[in-house]
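[1] got a structure for you, letters missing:
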């Protein structure tokens with residue numbers, strides 16, 4: 001993604017299976033030794049849910065259905081980037097809707113509480129904590145969530 005001087009919208013997919021396990025995969029870009037939830041920039045003309053489905057398919061070969069908007073985070077001038085960057089991250093809860101992870105050695109199903117204890121996991125700690133709580137319900141206003149998910 002080209003640096004524009006504007007905030008960069010991104011999406012992350014927290015994919016849970018029927019057993020409540022989270023899918024972590026090696027990212028398409030970045031460290032090959034790190035596991036992460038699938039994440040990507042939203043491209044010009046692409047909706048957030050289209051970007052979500054694209055990145056999950058590109059990184060895992062799976063199809064997903066976004067079921068909830070979990071959280072919205074900002075990361076302003078994060079460490080590890082050249083120059084100033086500002087990311088706006090939309091985090092979605094997803095369910096598998098087709099396919100299975102390709103390259104099993106590059107992905108793992110793990111309980112969110114276990115992922116929280118791992119070092120170097122590419123996921124927002126606050127979201128992992130929320131997913132680890134029994135009975136957690138996202139607090140995103142439903143009207144905002146409906147507008148985003150219907151695309």
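    That came in fine, so what should we check first? Quick caveat: nothing in here was measured; it's all calculated off a predicted structure. Residues are numbered from 1 along each chain as shown.
[2] list the buried ones in the helix ranked longest in the chain?
    Counting by DSSP state H, the longest helix found in the chain is helix 48-60. Residues of helix 48-60 classed as buried by neighbour count (16 or more other Cβ atoms under 10 Å): 48, 49, 51, 52, 53, 54, 55, 56, 59, 60. Heads up, the C-betas are built off the backbone N, CA and C, glycines and all.
[3] mind putting those residues in TSV, pLDDT and distance to residue 38 included?
    Listed next are the buried residues of helix 48-60 as TSV, based on pLDDT from 0 to 100; distance: Cβ to Cβ, whole Å:
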residue	pLDDT	distance to residue 38
48	93	13
49	92	13
51	95	10
52	94	8
53	94	10
54	94	10
55	92	5
56	93	5
59	87	5
60	89	6
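[4] Which one of those is nearest to residue 99?
    When the buried residues of helix 48-60 are compared for distance to residue 99 (Cβ to Cβ), residue 60 comes out closest, at 7.8 Å.
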